[in-house]
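[1] Show me how the following folds:
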Amino acid sequence: MALEALKDVIKKITRSSTIDKKFVEEIVRDIQRALIKADVNVRHVKEITDAIKKRALSEEIIHGLNPREHIIKIVYEELMRGIGEGLEIPLKKSKIMLVGLQGSGKTTTAAKLAKYFKDKGLRTAVVCADTWRPAAYEQLKQLAEAYKIAFYGEKETKDAVAIVRNALQKLRDYDMIVIDTAGRHALEKELIDEMIEIAKVANPDYKLLVLDAAIGQLASKQAKAFHEAIGIDGIIITKFDGTAKGGGALSAAREIGIPIAFIGTGEKVEDFERFDPAGFVSRLLGMGDIKALLEKIERVTREEELDPEAFLKGTFTLKDIYKQIEAMQKMGPISKIFELLPFGLSLKVDENVMEMTQEKMKKFKVIMDSMTEEELLNPKIIDSSRIRRIAIGSGTTPQDVKELLRYYKTMKNVMKKMKKLEKGRLPFKLPKLGF
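    Have a look, this model is predicted:
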């Protein structure tokens, strides 16, 4: 995405031997290009970059920082200010109503949201109040069943308000109820009237607008229309994993003064996270998002009943690796995990080694079944003769065994680096930023 260009700006700053007015102006132009290309409102771009330039040329350098770190600190703080606050929904009994135009990803988001709060320990349920799109009922029902989330819908009923009223009666014992409403190609009076009636019946604690990141600067117009119609408490941005226009949705939130609550970063239900402005900006600048990374690890280790300390320290053995591989899959692609690591800590990894398919996991398990207890507990002793013996015993090749060992070593190194980050040992000295 276009916002990724901001990482190059930070790299340029760290590699610069001279920080002067000419260099600052060059950096400001680079940031302007990146933000405009990402469809951030031009007025917002000017406000952000004017502030960066003014502070960079006038502020005294804070004690403990060098000139390069001082500039990065300013860029970080002004981008944070430009994005605004995030919305944190507390873990308590609540009702959430989702609204948005057709195609924004509301139905998938309803399941993602329910799964998010389920992972936090709440009893969650979803309600299909979308009676306009025929596939909405089946889609939400299948997603809910796949993740053991309670579902309520009435397939043959066209009265969305009645569905919500009945759902609240049936689901009154649940902690978090997520209501998926209908969307249209445009915000028509009929849709507005339905949303208003649903809101009256449901009395939701939060009305969240779902925006597609790819919508660009049209996001502001949509957000304003929905806010004027029913009042919006927060925004969820979907499909934020590859679009060049994600800045438009970010800009829309700032323009109408509504916080961003969550962002969807992929198609899977797990590709969903609470929007934390500090972590988000850190990630944009290539400084990683350790908080988000540790939350992923916490969720996965809880689901798989793993030892978090062993998981982070990299002290696990081959005896544990099969479960760990499954856990890593639930965290998402390795490439996405690396995005959460600050630049300088990512590893050069063969993508073929990291591509963990179900077939490959089964093969790895067969290979480990052919190992001795000593080999499983101490992989360092596995030399070429042992590799040949393991390959013959498992019906695989020496290359397969070596691939397993490479994967194991890579995961061990990654986890050790994560542990260092958790303790605050960064290769880049920014003591005042709270990274």
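[2] Would you map out the domains in the protein?
    The chain resolves into domains spanning 2-83, 94-284, 290-422 when parsed by automatic domain parsing.
[3] Please identify the most buried of the ones you listed.
    Highest mean neighbour count of those: domain 94-284, a mean of 20 (counted as mean count of other Cβ atoms under 10 Å). The way it works is simple: take the backbone N, C-alpha and C, and place the C-beta from them, glycine included.
[4] Can you give me the pLDDT of Lys268?
    On the pLDDT scale, Lys268 is placed at 78.
[5] how about it, secondary structure?
    coil (DSSP: H, G, I helix; E, B strand; the rest coil).
[6] Okay, it and Tyr174: tell me how far apart.
    Per Cβ to Cβ, to the nearest Å, Lys268 is found 24 Å from Tyr174.
[7] that's a strand at Asp180, yeah?
    Yes. Assigned with three-state DSSP, Asp180 falls within a strand.
[8] residue ranges with poor pLDDT in this protein?
    1-4, 242-245, 286-316, 319-320, 322-358, 414-435 (pLDDT under 70).
[9] which residues does the spatially most central residue of it bridge with?
    By Cα atoms, centre = their mean, the chain has its centre lying nearest to Glu273, at 4.3 Å. Bridge pairing for Glu273 (DSSP bridges) gives the partners Ile263.
[10] Is it in contact with Ile263, as I believe?
    Yes. Contact criterion Cβ atoms under 8 Å: Glu273 and Ile263 qualify, at 6.2 Å.
[11] where's the nearest residue to Asn203 once chain neighbours are set aside, which helix or strand?
    Residue nearest to Asn203 in three dimensions, not counting chain neighbours: Lys95, with 7.1 Å by Cβ to Cβ, 6 or more residues apart in numbering. Assigned by DSSP states H and E, Lys95 falls within strand 94-99.
[12] Provide the strand pairings for that strand, with the direction of each partner.
    Counting by DSSP bridges, the strands paired with strand 94-99 are strand 176-181 (parallel), strand 206-212 (parallel).
[13] In CSV, list the ones you listed along with distance to Val366.
    Output for these, formatted as CSV (distance: least, Cβ to Cβ, whole Å):
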stretch, distance to Val366
strand 176-181, 41
strand 206-212, 43
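[14] Of those, which is nearest Met195?
    Among those, strand 176-181 comes nearest to Met195, with 6.1 Å by Cβ to Cβ.
[15] got a list of contacts for the closest one?
    93-99, 106-107, 110, 113-114, 117-118, 122-130, 136, 140, 160, 164, 167-168, 171, 194-195, 198, 202, 204 (Cβ atoms under 8 Å, 6 or more residues apart in numbering).
[16] Stretch 272-281: end-to-end distance?
    17 Å (Cα to Cα, to the nearest Å).
[17] ok now it, how far from the chain's centre?
    7 Å (Cα atoms, centre = their mean, to the nearest Å).
[18] With stretch 234-244 instead?
    On Cα atoms, centre = their mean, the centre of stretch 234-244 falls 10 Å from the chain's centre.
[19] Phi first, then psi, for Glu85.
    Main-chain dihedrals, Glu85, degrees, to the nearest 10: phi -80, psi 160.
[20] Can you dump the C-alpha atoms of stretch 251-261 in PDB for me?
    Extracted C-alpha coordinates of stretch 251-261, given in PDB (Å, rounded to 0.1, in the frame of the first residue of the first chain):
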ATOM      1  CA  SER A 251      -8.800  10.700   6.900                       C
ATOM      2  CA  ALA A 252     -12.500  10.400   7.000                       C
ATOM      3  CA  ALA A 253     -12.400   9.400  10.700                       C
ATOM      4  CA  ARG A 254     -10.400  12.500  11.500                       C
ATOM      5  CA  GLU A 255     -12.500  14.800   9.400                       C
ATOM      6  CA  ILE A 256     -15.800  13.900  11.200                       C
ATOM      7  CA  GLY A 257     -14.200  13.400  14.600                       C
ATOM      8  CA  ILE A 258     -15.100   9.800  15.000                       C
ATOM      9  CA  PRO A 259     -12.500   7.300  16.400                       C
ATOM     10  CA  ILE A 260     -11.500   4.100  14.600                       C
ATOM     11  CA  ALA A 261     -12.300   1.000  16.600                       C
END
